[in-house]
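> Sequence below, structure please.
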Amino acid sequence: MLDVIARIDVSPQKINFGSDTASRISTNGGGAAGNVAAWLTRTTAKSTIVSHVGDDPAGAALIAEFDALGVAHENLVIPGQPSGVVVVLVDSSGERTMFPDKGANSNLKLSDLPSLGNFQAVYISGYALLNPLSRPGVLAMIERIRADSIPIYFDPASVGAMKDVSDTEIHQWFSLMNVLFLNEEESIFLTGLIDIERALDYLLEYSEVVVIKRGSLGAVAKARGYDSISVPAISATVVDTTGAGDSFAAGFIAAFASKHDLTAAMTAGTELAAQCVAIVGGRPRVGAAI
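Model prediction:
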C-alpha cells in the first residue's frame with residue numbers, strides 16, 4: 001500500500017471541515033504486511049513480501065522501495081489494477097486515523113505463495129482476511145503453511161475493519177494461528193474483557209501465544225501454561241505512530257523465531273517500535289541503518 005500521510009498541528013475537533021486546514025503531506029510505503037517485511041530487514045532476519053501492486057506509478061515506487069530495503073518479492077504487479085492507497089491523518093498527539101483503498105491487494109490467491117522450504121515464520125495481516133475478496137486465497141495459503149508446520153503470527157488489524165465480520169469467524173481464524181498480536185482496543189473488542197489477564201487467558205484458548213500491545217505502557221504477553229510477562233515501552237519522541245505495531249511485530253518475530261524467548265522477543269519489539277514512532281511513516285528510511 002502507498003501511505004499518503006497528512007500531519008496536522010491541531011486536534012481533530014479543530015479541523016475546518018468543508019474548508020482548509022494547514023497540514024504537512026508526505027508519501028511513504030505502507031500496509032501492515034509491507035511494514036512488517038520492511039522492519040524485518042532492520043533485524044537479523046530476511047523477509048519476503050506476498051502482496052500485489054498495480055501497474056501504476058505508485059506500484060513502481062513501492063517495488064523500488066522494497067528493492068532498496070532488501071525485501072524479497074515475486075509476482076507483485078497486477079496489470080490493469082490500481083495500487084492500494086491509504087490516506088493517513090496524523091493529529092497533534094501523533095495518533096493516526098486511516099482511510100484505506102485496498103486496490104490490487106484484493107487479488108491474493110494460493111499461487112502467489114512462494115516455496116516455503118526456507119521460511120521459519122509467516123506473518124499475516126488481518127486486513128488480508130478481513131477483505132472478502134482476498135479471504136479465500138489467504139485461507140488456502142494458511143492451510144498450506146500449516147501443512148508445512150511453519151508458525152503463523154497474526155495481527156487482526158483494526159476494530160473498524162473487524163466490525164464487518166462475525167466474532168465466530170474471527171475466532172476460527174485465531175485457532176489457525178500460533179501467535180496473536182493485538183492492541184488493547186482490539187483485545188477488549190474481541191473478548192469483551194477490560195482485565196488484560198483475563199483477556200490473555202480467553203485468547204489463549206485459540207492460540208499458543210498472545211501479545212497485547214499497550215502503546216506508551218509497553219506490552220504484555222502470555223504463553224499457554226506460563227505466567228504473563230510485561231515489558232515497558234522504550235522512551236521516544238513520538239512523531240508519528242503509523243506502523244508502530246508493525247515494527248513491534250517485526251522485532252518480536254525475528255527474536256522469537258530464533259530464540260523462542262518471550263521476554264527477549266517483546267523487548268526486541270519495543271526497541272524497534274521506538275525507532276518507528278520517532279520518524280514519519282510506517283517503514284524504516286531507505287539507506288538508514290538501525
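
> can you give me phi and psi for the closest residue to S134 other than its chain neighbours?
The shortest distance from S134 to any non-neighbouring residue, by C-beta to C-beta, 6 or more residues apart in numbering, is to L108 (4.2 Å). In this view, the C-beta of every residue, glycine as well, is placed from N, C-alpha and C. With angles defined as degrees, to the nearest 10, L108 sits at phi -70, psi 140.

> so how many other residues sit close to F174?
Neighbour count of F174, defined by other C-beta atoms under 10 Å: 18.

> Please name the nearest non-neighbouring residue to it.
Y206 (3.7 Å).

> One more: D9?
Excluding the flanking residues, the one nearest D9 by C-beta to C-beta, 6+ apart is S92, at 5.5 Å.

> from the chain's centre, how far out does the helix or strand of the chain with the lowest mean pLDDT sit?
Lowest by mean pLDDT, DSSP states H and E among the helices and strands of the chain is helix 159-162, with a mean of 83. Distance of helix 159-162 from its chain centroid, counting by C-alpha atoms, centre = their mean, to the nearest Å, is 14 Å.

> Now that helix: buried residues?
Within helix 159-162, the residues that count as buried by 16 or more other C-beta atoms under 10 Å are 161-162.

> neighbours around the residue nearest to S134, how many?
For L108, using other C-beta under 10 Å, the count is 22.

> contacting residues around it?
50-52, 128, 134, 137-138, 141 (C-beta atoms under 8 Å, 6 or more residues apart in numbering).

> cool, and A22?
Each residue near A22 by C-beta under 8 Å, 6+ apart is listed here: 8-9.

> For the residue lying closest to G84 once chain neighbours are set aside, give its distance to V286.
Residue nearest to G84 in three dimensions, not counting chain neighbours: G103, with 3.7 Å by C-beta to C-beta, 6+ apart. Distance, G103 to V286, by C-beta to C-beta, to the nearest Å: 22 Å.
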